[in-house]
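In: need a structure here:
(one chain, ligands or ions: 1)
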Amino acid sequence: MSLVIAVDGPAAAGKGTLARRLAAALGLPYLDTGLLYRATGRRVLDREADPHDAAIAAAEAGALRPEDLDRSDLRGPAADMAASTVAAIPAVRAALLDWQREFGRRHGAVMDGRDIGTVVFPAAPVKLFVTATPEERARRRWLELRSRGVAADRAQVAAEIHTRDEQDSNRPVAPLRPAEDALILDTTALDAEAAFATAMAMIRDRLNSLDPGAAKA
Ligand code: DC
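Out: Model prediction:
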């Protein structure tokens, strides 16, 4: 099977920026799996339905089209919460599972999400769990919103991150947690450059320990 690198972790820990850079450096396709849940949540909101409605959410997950992932309204508080809510519905996760596996199997991939290392590709040779303190993640999300011209209240951003952490970590199906063999990368004190350098070193070490001959070649 082609190389799959799983990058999991809570909201605003820096997974996306890191995973994108890793994919470019390693010559692998990149998939932001959060977009699948965001696009599903957005389609439910388009129908003016409740994201907790399992039947509607599962139908929308099954009807996703590639162009749904290119929509410009997949980020922001409403989309964030709708994504986290539909992501707790087992039938939604089931509908999106094959799609993710197929993507990774085709040419390998760096995939970021919440359950790549635990459910989607539990046999991936490298699993990173990227985290940071809730305060630092709230600060980053707030800065990101500001840079996009969205006026956001910092305390409210922190509260939303907290709600999403709770919802993503406590759902019965595929909760957010590190795989047993995940490498933990705490980015609280790291900028994007340092996080990238640390992750690359971790990946090299892990691949080397799995297949020392290949790394020397
Ligand atoms: O990574 P993100 O913030 O874009 O993800 C949006 C939501 O989707 C997040 O709150 C949890 C859910 N998600 C998930 O349950 N499993 C994934 N593999 C990716 C995202």
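In: which stretches in the chain count as helices?
Out: Counting by DSSP state H, the segments of the chain that form helices are 15-26, 34-46, 54-62, 77-86, 90-107, 134-147, 154-170, 192-210, 212-216.
In: which one of the ones you listed is the most hemmed in?
Out: Among the helices of the chain, the stretch with the highest mean neighbour count (mean count of other C-beta atoms under 10 Å) is helix 34-46, at a mean of 23. All C-beta atoms are positioned from the backbone trio N, CA, C, and that covers glycine.
In: restricting to C-alpha, output it in CSV.
Out: As requested, C-alpha coordinates have been extracted for helix 34-46 and formatted as CSV (Å, rounded to 0.1, in the frame of the first residue of the first chain):
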residue,chain,number,x,y,z
GLY,A,34,-12.6,18.1,8.1
LEU,A,35,-13.9,19.5,4.8
LEU,A,36,-16.0,16.4,4.2
TYR,A,37,-17.8,17.0,7.5
ARG,A,38,-18.0,20.7,6.9
ALA,A,39,-19.5,20.2,3.5
THR,A,40,-22.0,17.7,4.9
GLY,A,41,-23.0,20.2,7.6
ARG,A,42,-23.3,23.0,5.1
ARG,A,43,-25.6,20.9,2.9
VAL,A,44,-27.8,20.2,5.9
LEU,A,45,-27.9,23.9,6.8
ASP,A,46,-28.8,24.7,3.1
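In: how near is the residue nearest to the spatial centre of the chain to the ligand?
Out: Residue closest to the mean C-alpha point of the chain, counted by C-alpha atoms, centre = their mean, is Gly113 at 2.1 Å. With distances defined as C-beta to the nearest ligand atom, to the nearest Å, the gap from Gly113 to the ligand amounts to 2 Å.
In: these two touch, right, that residue and Thr33?
Out: Yes: taking contact to mean C-beta atoms under 8 Å, the distance of 3.6 Å between Gly113 and Thr33 places them in contact.
In: show me which residues of the protein are close to the ligand?
Out: Near the ligand, the residues belonging to the chain are 11, 33-34, 37-38, 83-84, 87, 113-116, 164, 168 when assessed by C-beta under 6 Å from any ligand atom.
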